[in-house]
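A.B. asks: A predicted structure for the sequence below; I have some questions about it.
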Amino acid sequence: MVSKDLYVTVPTFFRCPIFLDVMKSPVSLSTGVTYDRASIQRWLDGGNNTCPATMQVLDSKDFVPNRTLQRLIKIWSDSVSARVYSLDSVPVPSTEQIRDTIRAMETDKGNQISEYLSRIVRFAKESDGNRSFLATTAGFVAIVVDRLSNNADDAAIKYVNTLEQAVRVLELIIDKFGDKKELMRLILKSDRNRLSSLLLVLQQGSTDSRIASLKILESVAVDAESKMLIADRDGIVTILLRLISTETDPGLIEASLSCQTAISTPRRVRLRFLKLGLIPELKKLLAAPNSSVSITEKSLKLLEMMSVCKEGRAEISGDASLVKLIVQKLFKVSRVTTEHAVTILWSLCYIFDEQVAREAVAKSNGMTKVLLLMQSDCSPAVRQMSADLLKIFRVNWKSCVSSYDTNTTHIMPF
């Protein structure tokens, strides 16, 4: 039998002060503080010139390996591995143990919160029933959300790991928690600035925890007011754009695109995204040869939303190469991309009569593709929009087909 001490307690000085993980390669700065090499390198590469723990300006960004601490960690790690159980083999906590953990979280001042949340994450991952149990336990969601209330200045060093665990718990159970408005109230309308904690995770957290934070933001964007509250938080819109421009993880890019779509209904939010350069970033995603179908679909959906406002239409219409990319997405990607691409062209050329866009579509042989699209197994909505486009261009069926490459007309778009 496994003893009742199911969880390994990690000595505090074995943890990196930044992410609170056990250090794999401890190194010391000129201030004498030791960090994990990967974590401090990431901090310094981000343009920081201070010691994260002390906030002292560094005389030098050089660091030296802490061999003594590394040996101590190795000895401790070997002793843990030699035990009957390890962290990976710890049984999933029972429902009764989780009830005890939740009660303990209510009174804990912060010393063991990360361990409690880690235990709950393990429990939630085990089954759909466990997630439902957590979501329906009275007061549980409020307790977890309260863990997002740490002071943002301190959280950058001491509580990032706790914040990451909290967002993972919420992301796991969010679909089971029926009252999205209540969750929105807890996160967005609390006296404490919980959005700051989510922003901190987006800036410094792991890929998984950043995706979880994005899903939480998307879930609580339930009405115009909540969308504005999210977009008005300094740094949120900027980090959302940065995630699609600098990150390479497809899941993270998709989550950011979905979150942007969720909060972009208000015109003011769309204008903010446009001002910060959203459309050029979407163009890069559409042009990238390795973009997934999902990223293409979400990029076109966001472009469709931007085309609703005058400023967005003008920017899209004025970029002939972007219009050409949209025309290219009419075929051979997915039904969803086809619908978004047709809707954008229909909005620009038919509804709002953007002459520049019409010229770009004509030069891209767009109407030939629209005509062929009408003859495919498309939806009634796509067929109607295609017919509207053909009317305004007064396309001649025979001349249109004769100008198309007959070597490719047999290829179906889906």
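C.D. replies: Alright, I've got the coordinates.
A.B. asks: quick one, helices of the stretch 1-150 of the chain?
C.D. replies: 37-45, 67-81, 95-107, 113-126, 128-136, 140-146 (DSSP state H, counting those that start in this stretch).
A.B. asks: Of those, which shows the lowest average pLDDT?
C.D. replies: Mean pLDDT is lowest for helix 67-81 among those, at a mean of 81.
A.B. asks: can you tell me which of the helices of the stretch 1-150 of the chain comes nearest to Leu276?
C.D. replies: Comparing the helices of the stretch 1-150 of the chain by their distance to Leu276 (Cβ to Cβ), the top pick is helix 37-45, with 22.8 Å. The C-beta positions use only the backbone N, C-alpha and C, and glycine is treated the same way.
A.B. asks: got the buried residues for that closest one?
C.D. replies: Applying a neighbour-count criterion of 16 or more other Cβ atoms under 10 Å, the buried positions in helix 37-45 are Arg37, Ala38, Ser39, Ile40, Trp43, Leu44.
A.B. asks: Over to stretch 272-285?
C.D. replies: Under the neighbour-count criterion of 16+ other Cβ under 10 Å, stretch 272-285 has Arg272, Phe273, Leu274, Leu278, Ile279, Glu281, Leu282, Lys283, Leu285 buried.
A.B. asks: Contact partners for Ser245?
C.D. replies: Under the criterion of Cβ atoms under 8 Å, 6 or more residues apart in numbering, the neighbours of Ser245 are Glu281, Lys284.
A.B. asks: should've said Val57
C.D. replies: Val57 makes contact with Asn49, Thr50, according to Cβ under 8 Å, 6+ apart.
A.B. asks: ok, what's across the strand from it?
C.D. replies: Using DSSP bridges, the beta-bridge partners of Val57 come out as Thr50.
A.B. asks: any idea how far it lies from Asp319?
C.D. replies: For Val57, the distance to Asp319 (Cβ to Cβ, to the nearest Å) stands at 44 Å.
A.B. asks: How is this structure partitioned into domains?
C.D. replies: Following the TED database, the chain resolves into domains at 12-85, 91-225.
A.B. asks: Which one of those domains lies nearest to Ser294?
C.D. replies: Short answer: domain 91-225, nearest of the domains of the chain by Cβ to Cβ, at 13.4 Å.
A.B. asks: How far off centre is the closest one?
C.D. replies: The chain centre lies 16 Å from the centre of domain 91-225; the measure is Cα atoms, centre = their mean, to the nearest Å.
A.B. asks: just stretch 348-362 next, same as before
C.D. replies: Using Cα atoms, centre = their mean, the mean C-alpha position of stretch 348-362 is found 33 Å from that of the whole chain.
A.B. asks: Pull up the distance across it, start to finish.
C.D. replies: For stretch 348-362, the separation between the terminal residues is 13 Å (Cα to Cα, to the nearest Å).
A.B. asks: Show me what the mean pLDDT comes to for it.
C.D. replies: For stretch 348-362, the mean pLDDT works out to 91.
A.B. asks: what comes into contact with it?
C.D. replies: With contacts defined as Cβ under 8 Å, 6+ apart, stretch 348-362 is touched by 307, 313-314, 316-318, 320, 323-324, 327, 345, 367, 385, 388-389, 392-393.
A.B. asks: By average pLDDT, which secondary structure element in the chain comes out worst?
C.D. replies: The least trusted helix or strand in the chain, going by mean pLDDT, DSSP states H and E, turns out to be helix 397-402, with a mean of 42.
A.B. asks: before we move on, the earlier item: and the contacts of stretch 348-362, which of them are buried?
C.D. replies: Of the contacts of stretch 348-362, these count as buried by 16+ other Cβ under 10 Å: 307, 313-314, 316-317, 323-324, 327, 345, 367, 385, 388-389, 393.
A.B. asks: how much space between Ser364 and Asn66?
C.D. replies: When Cβ to Cβ is the yardstick, Ser364 and Asn66 sit 60 Å from each other.
A.B. asks: again with Ser334
C.D. replies: To Asn66, Ser334 is 52 Å away according to Cβ to Cβ.
A.B. asks: more neighbours, these two?
C.D. replies: More crowded of Ser334 and Asn66, by other Cβ atoms under 10 Å: Asn66, with 18 against 15.
A.B. asks: Next, the contact list for the closest residue to that one other than its chain neighbours, please.
C.D. replies: Spatial nearest neighbour of Asn66, excluding adjacent residues (Cβ to Cβ, 6 or more residues apart in numbering): Pro26 at 4.2 Å. The neighbours of Pro26, taking Cβ under 8 Å, 6+ apart as the test, are Cys16, Thr34, Tyr35, Asp36, Arg37, Pro65, Asn66, Leu69, Gln70, Ile73.
A.B. asks: Dump those residues to TSV, plus distance to Ile351.
C.D. replies: Converted to TSV, the contacts of Pro26 look like this (distance: Cβ to Cβ, whole Å):
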residue	distance to Ile351
Cys16	55
Thr34	61
Tyr35	56
Asp36	55
Arg37	56
Pro65	64
Asn66	64
Leu69	65
Gln70	65
Ile73	64
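A.B. asks: May I see the PyMOL selection of the buried members of the residues you listed?
C.D. replies: The PyMOL selection below is limited to those of the contacts of Pro26 classed as buried (16+ other Cβ under 10 Å):
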select buried, resi 16+34+35+36+37+66+69+70+73
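A.B. asks: tell me the two of the contacts of Pro26 that are most distant?
C.D. replies: It's Cys16 and Pro65 that sit farthest apart of the contacts of Pro26, by Cβ to Cβ, at 14.1 Å.
A.B. asks: So, low pLDDT: which residues of this protein?
C.D. replies: Scanning the chain for pLDDT under 70 picks out the ranges 1-9, 80-90, 109-111, 150-158, 191-192, 395-414.
A.B. asks: ok, which stretches of it are strands?
C.D. replies: The residue ranges that make up the strands of the chain, judged by DSSP state E, are 26-28, 34-36, 64-65.
A.B. asks: among these, which is nearest Ile173?
C.D. replies: Ranking the strands of the chain by their distance to Ile173 (criterion: Cβ to Cβ) puts strand 34-36 first, at 30.3 Å.
A.B. asks: Would you mind listing the outside residues contacting that closest one?
C.D. replies: Residues from elsewhere that reach strand 34-36, judged by Cβ under 8 Å, 6+ apart: 16-19, 21, 23-29, 43, 52, 63, 66, 69.
A.B. asks: What subset of those is buried?
C.D. replies: By the neighbour-count criterion of 16+ other Cβ under 10 Å, those include these buried positions: 16-19, 21, 23, 25-27, 29, 43, 52, 63, 66, 69.
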